[in-house]
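> Model the structure of this input:
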Amino acid sequence: MEPLNLQSEIKIGTDLVHMPRYEKFVEDARFIQKVLTPNEQYLFNALVHPRKKLEFLCGRYAAKEAYAKAKGTGIGVTSFLDIEVLKNESGCPISKQAQVSISHDGEYAIAMVLVYA
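From the prediction side, this is the model:
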């Protein structure tokens, strides 16, 4: 992680996803292509268990919504494909566009995103 530049403005975005609402999209190729970059799709398709696929999809969806909120645009001006959230060797989410944290608990996925302006 790079040192914090105290001269820059920090913007935060957060999003909470109720995962049961997205179960139908786990097998929806059109939705997957709209929301996930090709690299994210590769990680998604490597998952075998349906619950893990749902968690991955909802976590990335929440992160992308949170990114758009941090940018102050919302989804529309900012595309789902404008941010790519991969994983490091420990499995933690990483992105070139922002600092990202994703968590899951029960039926919910939450993401927090920091953007340095």
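
> contacting residues around residue 9?
116-117 (CB atoms under 8 Å, 6 or more residues apart in numbering). (Each C-beta comes from the backbone N, C-alpha and C, glycine too.)

> go with 6 Å
residue 117 (CB atoms under 6 Å, 6 or more residues apart in numbering).

> do the same with residue 47
53, 56.

> On the three-state scheme, residue 68 is what?
Secondary structure state of residue 68, per DSSP: H, G, I helix; E, B strand; the rest coil, is helix.

> For this protein, which segments count as strands?
10-18, 86-87, 93-94, 99-105, 108-116 (DSSP state E).

> Just the terminal-to-terminal distance for stretch 71-80.
13 Å (CA to CA, to the nearest Å).

> Buried residues of it, list them for me.
Going by neighbour count (16 or more other CB atoms under 10 Å), the buried part of stretch 71-80 is 71, 75, 78, 80.

> ok, back up a step: now tabulate the strands of the chain in CSV and tack on mean pLDDT.
Below are those laid out as CSV (pLDDT from 0 to 100):
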stretch, mean pLDDT
strand 10-18, 96
strand 86-87, 94
strand 93-94, 93
strand 99-105, 97
strand 108-116, 96
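
> mind checking which of the ones you listed is nearest residue 48?
strand 86-87 (16.3 Å; CB to CB).

> re the thing from before, what is the nearest of the buried residues of stretch 71-80 to residue 56?
Taking the buried residues of stretch 71-80 together and measuring to residue 56 by CB to CB, the closest member is residue 80, at 14.1 Å.

> Roughly how far does the closest one sit from residue 51?
22 Å (CB to CB, to the nearest Å).

> what about residue 25, distance to residue 96?
Separation of residue 25 from residue 96 (CB to CB): 25 Å.

> Next, the contact list for residue 40, please.
Residue 40 neighbours (CB under 6 Å, 6+ apart): residue 60.

> go with 10 Å
Residues counted as contacts of residue 40 (CB atoms under 10 Å, 6 or more residues apart in numbering) are 32, 56-57, 60, 64, 80-81, 83-87.
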